[in-house]
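>>> pasting the structure only:
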């Protein structure tokens, strides 16, 4: 199959998964609607260009989530010209923001700081709720390696988010 998809094929993917993908973009982009829509648009350009990989994917939604995750985290990296800190999250969310929104914004900030492969493992474990065996299968590492990485990631995120220790 060709590497790209037709407009009709991309439209069908959008009709079936667009809402789920936009919801994920909003989560990762800290409820910034414009940034979420931009990331989703970028993701669909990639989906159109690399449709052969989509067609060959065993789990289509998981493949789409990976594309969306990468587009969102790339967009967050591009925004790093301004200082990022979880302490800023309440200010961006507003003074009357619900504590759950602030916690989610802080978690996304922390995920964005992880190296790409660790971020992928963290999203699969903590956002998607996959088992360590499923994550190992997804990323091509052993279950033991995933176990160690998840522990390390959990400790690092705990330091960054729990205030217990340095932020760095």
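Nice, thanks for sending it over. Computed from a predicted model, the values in this text were never measured in an experiment. Numbers count the residues shown, from 1 in each chain.
>>> For residue 77, I want the exact helix or strand it lies within.
Under the criterion of DSSP states H and E, residue 77 resides in helix 60-78.
>>> Can you point out the buried residues in that helix?
63-73, 75-76 (16 or more other C-beta atoms under 10 Å). The C-beta positions use only the backbone N, C-alpha and C, and glycine is treated the same way.
>>> okay if I get those as a markdown table plus distance to residue 154 and pLDDT?
A markdown table is the format used below for the buried residues of helix 60-78 (distance: C-beta to C-beta, whole Å; pLDDT from 0 to 100):
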| residue | distance to residue 154 | pLDDT |
| --- | --- | --- |
| 63 | 26 | 92 |
| 64 | 26 | 94 |
| 65 | 21 | 93 |
| 66 | 21 | 90 |
| 67 | 26 | 93 |
| 68 | 23 | 94 |
| 69 | 19 | 91 |
| 70 | 22 | 89 |
| 71 | 25 | 92 |
| 72 | 21 | 90 |
| 73 | 19 | 86 |
| 75 | 25 | 87 |
| 76 | 21 | 82 |
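>>> Max pairwise distance over the residues you listed: which two?
Farthest-apart pair in those is 63 and 76; separation 20.9 Å (C-beta to C-beta).
>>> could the buried residues of helix 60-78 be laid out in TSV, adding distance to residue 12?
What follows is the buried residues of helix 60-78, written out as TSV (distance: C-beta to C-beta, whole Å):
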residue	distance to residue 12
63	15
64	12
65	18
66	19
67	16
68	17
69	22
70	22
71	20
72	23
73	26
75	25
76	29
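>>> In terms of distance to residue 129, which of the residues you listed ranks first?
Distances from residue 129 to the buried residues of helix 60-78, taken by C-beta to C-beta, are shortest for residue 65, at 12.2 Å.
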